[in-house]
Each structure stands twice: as C-alpha cells, then as structure tokens.
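> sharing a sequence plus its predicted fold:
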Amino acid sequence: MTDVAFQVEEKIAEMASRLKQFLAAQHREKPLVMGIHTGGIWIAERLRRGLEIAEPLGHLNIAFYRDDFSRIGMHPRVTPSILPYAVEGRHIILVDDVLYTGRTVRAAMNEIFDYGRPASVSLAVLIDRGGHELPVQADVVGSTLLLKAGEHVKLLGPEPLVLEIRRS
Amino acid sequence: MAGANIQLDGEGRLRHFLTTDGLDRRILTEILDHAESFAVVGDRPVKKVPLLRGKTIVNLFFEASTRTRTTFEIAAKRLSADVQNLSVNLSSTTKGETLRDTLRTLEAMHCDMFIIRHASSGAAHFIARQVSPHVSVINGGDGRNAHPTQALLDMFTIRQHKPDFASLKVAIVGDVTHSRVARSDIHALKTLAVQEIRVVGPRTLIPAGIETLGVQVFNNMEAGLKDVDVVIMLRLQRERMRSALLPSEQEYFRCYGLTEERLKLAGEEVMVMHPGPINRGIEIDSRVADGERSVILQQVSNGIAIRMAVMAMIAGGKRGAA
C-alpha cells in the first residue's frame, strides 16, 4: 500500500529553513552535511543546496558499523563511505530518511568519530516514526508518523522522492 | 572435489575458505565486491571497522611465510578482531596426532577462526573437518594444493585493471607443478570465465594432464606470451634447482625469465603479476618487476582487502549468533 499524498520536496524545504534557524541559534557555523546511504543521501543533498553549503556532501555507509552484523552478516554490496573533508573540529549535520530504533544513527556516529572529532553532530530526519530503542532524538524532523510495528516506511528516489508506507 | 561442500553452510554461505575449486561465480564475485568496499578502510584516518570485535583469530603457520601471515594479521586487525600468531614447527611423522592436539588446545581457548598455512596438501581440509561447529578455517596455503586468498587477490587486481574477464588471455608462467597459487588461480579464472588460460614452462615443471583443467600448455615462452593481457609469474622454488628438474638458474632465466624484450610480445596493456617473494634475475628481470606494467605491489595491498572480505563473510551471519 502506497501513500503518495506526502509532499516530500516541500517537507525538505521546510527542514532546510528550520535547520538554518537551528544552526544560527546554536552558533554552528560552516557546517558539513552528511547523508546516510541511501535515502539520507538524497535528502542531505537537497538540504546542502537549500543551506547553500559549498563543500561537497559526505556519504556514510554504516554497513561496517551495524550492531546486527554477527546475526545478519555482510550486506550484498557496500558502497564505501566518502567523506571528502576532515571532520576534525567541524559542525556536522547528519541526515537520514527515517528515524526508527536509533541504531543506524548510533552506527553513523561511531563511523564519523573514526574520521576525527567533530565540534558537534546534529541530526535531521525526514520522518520520525517513533519506536526508538536508544536515546537518540533528531534536532530537525520533517514529519512525525507514529507507525505500528507491522508498518514500514520507505523513501523511494532519487527522482522523484516518494514516501511509501506499507502494512505487512 | 570433496572439499567443495564443506566450505559452505546450509544456506550456501561461506563457512570455511579452503580452495577456489568448487566455489561458484556468485561467491567469488561476492568476495571481490566486498573486498572493494574494504579496500578504502586502509585510506582512512582510523584504519579499522568494528565488524569482528570480540572475535579471536589464530594465524596457525606450520610453514614460514611473511606476507601472507602479515596481511592476514593486518586484515583481521582492521576488522577489530584479536589476533594470535602461532608458528609451529612440526615433524612430519607425528603430524596427524600433534595437529589434532594443537587444535583441541586452541579450541579450548575459544578461538573463532584459524588461518592455516601448512606444507602438506590437504592440511586445511583436514583441520576444517576436525574443528567444532563454531570455528571456521581459512586456508593460507597448503602444500601444492591451494592458496585461495592469493587467487582471489589476483582476480581482484585483474578486475581493477581489466574488468571484462570474458575477453582476457592469461598466462601463468613457471613452476606450475609445485604451485598452489597456479592451481587456485586456474580454478578461479575458469569460474570467472576468462577467454583463455595458458600455462607456460618447461616440461619438467608442468604437471602431466593439466589440460583437463581447461588450460593450454606452452613449453615455449615466446609463444606462450603472445598477445596475452595478464602474465602471472610464479616463484621458482630454488630448492628445486638441486633436483634434476632444472639445469641451472641462468639457463632457466634464459628460457623462461620475463624480460622487457619478451614482454613486448604480450598485449600492449599487459599486466605483470607475481605472488612474491620474487627472485630477481631468475624468473623475472628487475626492470620488469619494477616497471610500469608491474602490479606486484598492488597485489600485496589488495591481499589485505581480500582477506578482510573473506573473514567478514565467514564471521557474519552465523546461525544462532546473538
């Protein structure tokens, strides 16, 4: 079952303007944007343009940092992370499509710290679907959708971005 | 071959890695793809990912080796595993019994993975059949039989430069008879469906009947190199010189040494490979070994990525794991 009524691009534009306010309030200057593979990267790129950040986007693939590796094993094809800059001392905006358990964000932060010690990490997500299992909260949320355990939300893209909600 | 099944678990995933013989194209390609992902870990400020944290890997080497042991060790450490190196000198007469006892002792220390290097063919298979269900074995070279991680790093290096396997002519040159690298390379090249595999060397160093593996035999170096895309040189095991197999090192170099002149016979973009350690002036001229067609040092770096890929595939996704 698909829900196409959700206007993804508009939500991302709203996120960009709220992110701008958030960064100004926190005095976080010259931030870097990093997206989590794959949906997070699509959103991160739009936010980067919206915030007029010249530095390139960072791509994070957290496959090597997952906490379920010993149970699930290797993912079929892991596109390597690309962080085309030093993160040391920088303000990082971490972007993902869906915040659910918080485990992906935890893994992403572990990976970021293997590249250096950032000044700060803030989190922006398109959808916060609840069900957090770790103390992880986003600083900027596009939309909160409280889904039940059997429901799945997935961002399809990159052009156009469509949010799909499935009930299994 | 009987060793084929023991390498996979009930779901077709890698359980041990003992030989390239009997592993299908899907598995080999999967290893190469994962190695590509792991290759970049070496370029990062922290050259480590936490995949194998808490796992204990034992490098169990019954035969001397520097690069294989070192690259396995670095690979395991980059995956955050704990590594123990054990060099065991073993008298061949008590081998079977001692080996079993050594294994039991190590298992009692709760090791998760053994990397085995042994002078006897079949040693890694033997050990894989002995170990407990939660322990995996990787073959780091056994006798003349197999050296599967070397073969995969060779395939990986070839793919980096020449990704279209179906169009490739590959020559394996030298002492094929005593070479586990040659055997593992041939199986991998067959499975990846290269156009043509040649083995080149003197009659005394090419095993009889090797054609049945689907290779062409050349006793003439010039004919064997003609138009090939990849040359895999084998180390001449100098201890063989004393036997009746070869007249002298000079004579061998004159007939089968890879020189710049000979290399001109190969394809324009030919890659020169060698598993190391190289004998300069015996199987390969220094100008070729250090020349622009040589990828010998890339092979060493790629060995780390391949070994990370194999260890991660084996360690991940264990049934019943927490």
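Alright, I've got the coordinates. All values reported here derive from a predicted model rather than from experimental measurement.
> all contacts plus neighbour counts: C-alpha atoms, from now on.
OK.
> hey, where'd the helices end up in chain A?
A:8-25, A:39-50, A:69-72, A:103-113 (DSSP state H).
> looking at chain A, which helix or strand is least sure?
Using mean pLDDT, DSSP states H and E, helix A:69-72 stands out as the lowest-scoring helix or strand of chain A, at a mean of 84.
> so where's chain A shaky on pLDDT?
Where chain A drops to pLDDT under 70, the residues are A:1-5.
> excluding chain neighbours, what is closest to the spatially most central residue of it?
Centroid-nearest residue in chain A: A:Asp96, 1.5 Å away (criterion: CA atoms, centre = their mean). Leaving aside its chain neighbours, A:Asp96 sits nearest to A:Gly40 (3.7 Å; criterion: CA to CA, 6 or more residues apart in numbering or on different chains).
> from A:Lys154, how far off is that neighbour?
Relative to A:Lys154, A:Gly40 is positioned 11 Å away (CA to CA, to the nearest Å).
> for B:Leu90, give me the pLDDT.
What the model reports for B:Leu90 is a pLDDT of 57.
> could you give me the average pLDDT of stretch B:37-49?
On average, stretch B:37-49 scores 90.
> quick one: buried residues of that stretch?
Buried residues in stretch B:37-49, counting neighbours by 16 or more other CA atoms under 10 Å in any protein chain shown, are found at B:37-39, B:41-42, B:47-49.
> can you list the domain ranges for chain B.
B:4-146+B:301-314, B:148-298 (automatic domain parsing).
> what is the mean pLDDT for the last one?
In this case it means domain B:148-298. According to the model, domain B:148-298 has a mean pLDDT of 95.
> flag every residue of chain A that's near chain B.
A:64-66, A:69-74, A:76-80, A:114-116 (CA under 8 Å from any CA of the partner chain).
> kindly recompute the last result at 10 Å.
Chain A comes close to chain B at residues A:62-83, A:86, A:110-111, A:113-116, as judged by CA under 10 Å from any CA of the partner chain.
> look through chain A and state the residue closest to chain B.
For chain A and chain B, the shortest gap (CA to the nearest CA) falls at A:Gly73, measuring 3.6 Å.
> please give me every residue in contact with that residue.
For A:Gly73, the contact set (CA atoms under 10 Å, 6 or more residues apart in numbering or on different chains) comprises A:63-64, A:66, B:13, B:51, B:312-319.
> out of the residues you listed, which are buried?
Among the contacts of A:Gly73, the ones that count as buried by 16+ other CA under 10 Å are A:63-64, A:66, B:13, B:51, B:312-318.
> what about those residues, which are in strands?
Using DSSP state E, no member of the buried ones among the contacts of A:Gly73 sits in strands.
> state the distance from B:Leu14 to B:Ala151.
16 Å.
> do the same with B:Ile127
Applying CA to CA to B:Ile127 and B:Ala151 gives a distance of 21 Å.
> who's more crowded, those two?
It is B:Ala151, of B:Ile127 and B:Ala151, that has more neighbours when counted by other CA atoms under 10 Å in any protein chain shown, with 26 against 19.
> what kind of secondary structure is the more buried one in?
Following DSSP: H, G, I helix; E, B strand; the rest coil, B:Ala151 is assigned to helix.
> quick one, phi/psi of the nearest residue to it once chain neighbours are set aside?
Sequence neighbours aside, B:Asp185 is the residue nearest to B:Ala151 in space, at 4.7 Å (criterion: CA to CA, 6+ apart). Recorded main-chain torsions at B:Asp185 are phi -60, psi -40, according to degrees, to the nearest 10.
> is it true that B:Asp185 touches B:Val173?
No: between B:Asp185 and B:Val173 there is no contact under CA atoms under 10 Å: 11.8 Å.
> ok, back up a step: filter the residues of chain A next to chain B to the buried ones?
With neighbours counted by 16+ other CA under 10 Å, the residues of chain A next to chain B contain buried members at A:62-70, A:73-74, A:78-81, A:83, A:110-111, A:114-115.
> B:Ala119 reaches B:Asn139, doesn't it?
No: look at B:Ala119 against B:Asn139 with CA under 10 Å: they stay out of range, at 11.6 Å.
> so these two - more neighbours on which side?
The neighbour comparison of B:Ala119 against B:Asn139 (other CA under 10 Å) goes to B:Asn139, with 26 against 16.
> helix, strand, or coil at the more buried one?
strand.
> ok, it - contacts?
By CA under 10 Å, 6+ apart, the neighbours of B:Asn139 are B:16-19, B:60, B:114-118, B:122-125, B:127-128, B:146-150.
> and it, bridged to which residues?
The partner list for B:Asn139 in beta bridges (DSSP bridges) reads B:Ile116.
> state the distance from it to A:Glu88.
In terms of CA to CA, B:Asn139 sits 41 Å off from A:Glu88.
> how much space separates the residue nearest to B:Val131 when sequence neighbours are not counted from chain A?
Excluding its sequence neighbours, the residue lying closest to B:Val131 (CA to CA, 6+ apart) is B:Leu103, at 7.4 Å. Remark: distance between B:Leu103 and chain A (CA to the nearest CA, to the nearest Å) = 24 Å.
> just B:Gly214 next, same as before
31 Å.
> list the contacts of that residue.
Listed by CA under 10 Å, 6+ apart, the contact set of B:Gly214 reads B:186-187, B:190, B:196-198.
> surely B:Phe62 is in contact with B:Arg117?
Yes: in this structure, B:Phe62 is within contact of B:Arg117 by CA under 10 Å, at 5.7 Å.
> ok, these two, which is more surrounded?
In terms of neighbours (other CA under 10 Å), B:Arg117 is the more surrounded of B:Phe62 and B:Arg117; the figures are 26 against 19.
> the buried residues of stretch B:37-49 into JSON lines, with extra columns for distance to chain A?
Below are the buried residues of stretch B:37-49 laid out as JSON lines (distance: CA to the nearest CA, whole Å):
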{"residue": "B:Ser37", "distance to chain A": "5"}
{"residue": "B:Phe38", "distance to chain A": "8"}
{"residue": "B:Ala39", "distance to chain A": "9"}
{"residue": "B:Val41", "distance to chain A": "9"}
{"residue": "B:Gly42", "distance to chain A": "12"}
{"residue": "B:Lys47", "distance to chain A": "8"}
{"residue": "B:Lys48", "distance to chain A": "8"}
{"residue": "B:Val49", "distance to chain A": "6"}
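> out of the residues you listed, which sit inside helices?
Taking DSSP H, the ones among those that sit in helices are B:37-39.
> could you pull out the buried residues of stretch B:60-67?
B:60-63.
> with stretch B:117-135 instead?
Neighbour-count burial for stretch B:117-135 [16+ other CA under 10 Å]: B:117-120, B:122-125, B:127-128, B:131, B:134-135.
> and for stretch B:249-269?
For stretch B:249-269, burial by neighbour count (16+ other CA under 10 Å) applies to B:252-253, B:256-260, B:263, B:265-266.
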